[in-house]
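Student: Sequence first, then the predicted structure, then my questions.
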Amino acid sequence: MAPAALDPADVERVRRDRAVRLLFESDEICVGEFHCSPRDWRWSSENCADEGHFVVFPGTTVQIAPAGSEPVVTDQNQVMLYNRDQTYHRRLVDPRGDHCVFLLVAAGLLSEVLPGAETQSGFRFPVTHGPVRASAYLLQRLLVRGLRTEPAPSNDRMQLEEAFYLLLGRVLTDALCLRHVRAAREQTERMHAGVVEDTKLLLASRLGENLSLGEIARAVFTSGFHLARIFRRHTGFGVHEYRDQLRLRLALDRLFDPSTELSSLAHELGYASHSHFTSSFRRVFGAAPSAFRKRSSAAEHRSLYETLARRRAASVPVTRIVGASFTSNQGGTMATKAIPEGYHTLTPYLAVHDAAKAIEYYKKAFGAKERVRMEAPGGTIGHAELEIGDSLVMLSDPFPQANTKPPTELGGTSASVFMYVEDVDAVVKQAVDAGATVTMEVADQFWGDRFGTVSDPFGHTWSIATHVEDLSPEEIAERGKAAMAAMSS
């Protein structure tokens, strides 16, 4: 059976490494930062994970060549997994060196998270690396940021352990999602992997350039069609998504530096404008960049990652994580919250003909993320939930027992969904490009919003606005009178 706790001697060996700064320690998880300068001896020698099993979040782009495996280009979009006594070589890509966050994890805990990975000789990671979702990456950065700013008081240790259990369960589950990748011939598989790794190196070195897929494909000596197919199969990302995620994860760390100017950062990373950067950042991390700059204290960061943890806990295969509403399979029922985590008091519920098609439309028009889909007989949708920004919309196909009818049956709608966005003009254009009809042109309004409305292809009205001016109630009333008078004249 794998050891249930870390060996103190292994932890002490890690602590003595001058390139390491430990941030958090428990019986099962040790968290730290590793900073390997370009002049460090490790670049020219074989490295060995002889202290135990490591889960590593790269902070800079590095090429890692594990013994017995093909080299892999690691960056913020991935997690590296090292078994105890794993040997490997590293090659410099980023002139800053190798900077990463690591979790040294007890083999017993890993066996609990991934019970199928236990072998006769002990626990072994079945893969060397895997993709990291934006939510897991954000949770990791907030945890580390909080620990850097202020050491965890004793009464917060349980909260931190729960958050790290959540993080561990999520990243290991996601890392194994590409385990099925196998080519018919070993030689073909190695060729495909080489093309993918060359593409990752190119993206890292030219991150601020808006290269086309064709330009990237030509640089790695393949076709755009072939690259798009094998890149997603090997990394879990499309090429464009991979580049966008890498840009935004680099931006996340830069935001904590108060001297960083957002417009300059957006331009440096290759975004067309500040609003384009803000829109992309909000879509991935759920809030505008400015929201993260305002969270300066460790307590505020812990509050945010606690919220993230509660929202994700139910889907993580670590039974000891607590804090969300669920029944433990170890006995006992947690207290049920009247309003579940991740939901607001009010949520619009739309009835639409062909809800599956509507879901795809809302993804294109408003950047919606599908959270729940429950299929009903006949290929219809009985219930679905979409995240748009920081809010939730529910929808379904109509069914006879329901009182809510879709606009196509009513001949119109008596309500609209009001949505605040960073750039109303861009969002309305995106909605129209996807198939909506403008019912009120975007214009500045007397109450301080730039506002317009569209009717989507399914008959629902969306009122879309960006707040552009803060006004007092008296100013709004005065402007309102003038606007009404102009309308009636």
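Tutor: Received it, and whenever you're ready, just let me know what you need. Numbering: from 1, shown residues only.
Student: Ramachandran angles for residue 49?
Tutor: Main-chain torsions, residue 49, degrees, to the nearest 10: phi -90, psi 60.
Student: could you list every residue that touches it?
Tutor: Applying C-beta atoms under 8 Å, 6 or more residues apart in numbering to residue 49 gives the contacts 82-88. The way it works is simple: take the backbone N, C-alpha and C, and place the C-beta from them, glycine included.
Student: Which pair in these has the greatest spatial separation?
Tutor: Across the contacts of residue 49, the longest distance by C-beta to C-beta is 12.9 Å; it joins 84 and 88.
Student: Residue 443: what secondary structure?
Tutor: strand (DSSP: H, G, I helix; E, B strand; the rest coil).
Student: Quick check: the gap between it and residue 469.
Tutor: Distance, residue 443 to residue 469, by C-beta to C-beta, to the nearest Å: 13 Å.
Student: By neighbour count, which of the contacts of residue 49 wins?
Tutor: Counting neighbours by other C-beta atoms under 10 Å, residue 82 comes out on top of the contacts of residue 49 with 24 neighbours.
Student: Check the spacing between that residue and residue 176 real quick.
Tutor: In terms of C-beta to C-beta, residue 82 sits 15 Å off from residue 176.
Student: How about residue 231?
Tutor: Residue 231 sits 19 Å away from residue 176, going by C-beta to C-beta.
Student: Stretch 403-423: which residues count as buried?
Tutor: For stretch 403-423, a neighbour-count test (16 or more other C-beta atoms under 10 Å) marks 406-407, 413, 416-417, 419-423 as buried.
Student: ok, of the contacts of residue 49, which one's closest to residue 143?
Tutor: Comparing these against residue 143 with C-beta to C-beta places residue 82 closest, at 20.1 Å.
Student: which residues in the stretch 151-300 of the chain form helices?
Tutor: 157-175, 186-205, 213-219, 224-235, 239-255, 262-268, 274-285, 289-294, 298-312 (DSSP state H, counting those that start in this stretch).
Student: Quick one: low-confidence residue ranges for the stretch 101-250 of the chain.
Tutor: Low-confidence segments of the stretch 101-250 of the chain (pLDDT under 70): 118-120, 150-156, 177-186.
Student: run the last query once more with 80
Tutor: Along the stretch 101-250 of the chain, the model assigns pLDDT under 80 to residues 115-121, 149-162, 176-189, 224-225.
Student: residues in contact with the most centrally placed residue in the chain?
Tutor: When C-alpha atoms, centre = their mean is applied to the chain, the residue found nearest the centroid is residue 134 (1.4 Å). The neighbours of residue 134, taking C-beta under 8 Å, 6+ apart as the test, are 245, 248-249, 284-285.
Student: nearest to residue 17, of those?
Tutor: residue 249 (25.5 Å).
Student: if we can go back for a sec, now the helices of the stretch 151-300 of the chain in TSV, with mean neighbour count?
Tutor: Listed next are the helices of the stretch 151-300 of the chain as TSV, based on neighbours: other C-beta atoms under 10 Å:
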stretch	mean neighbour count
helix 157-175	22
helix 186-205	17
helix 213-219	16
helix 224-235	18
helix 239-255	20
helix 262-268	16
helix 274-285	20
helix 289-294	16
helix 298-312	19
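Student: Tell me the one of the buried residues of stretch 403-423 nearest residue 372?
Tutor: Of all these, residue 372 sits closest to residue 417, with 18.1 Å by C-beta to C-beta.
Student: What helix or strand is the closest one located in?
Tutor: Element membership for residue 417, per DSSP states H and E: strand 416-420.
Student: Quick check: phi and psi on residue 429?
Tutor: Residue 429 adopts backbone torsions of phi -60, psi -40, taken as degrees, to the nearest 10.
Student: Distance of it relative to residue 357?
Tutor: Shown here: residue 429 relative to residue 357, a distance of 21 Å by C-beta to C-beta.
Student: what sits up against stretch 32-41?
Tutor: For stretch 32-41, contacts defined as C-beta under 8 Å, 6+ apart pick out 14, 17, 19-24, 42-43, 56, 90, 92, 95-102, 104, 144.
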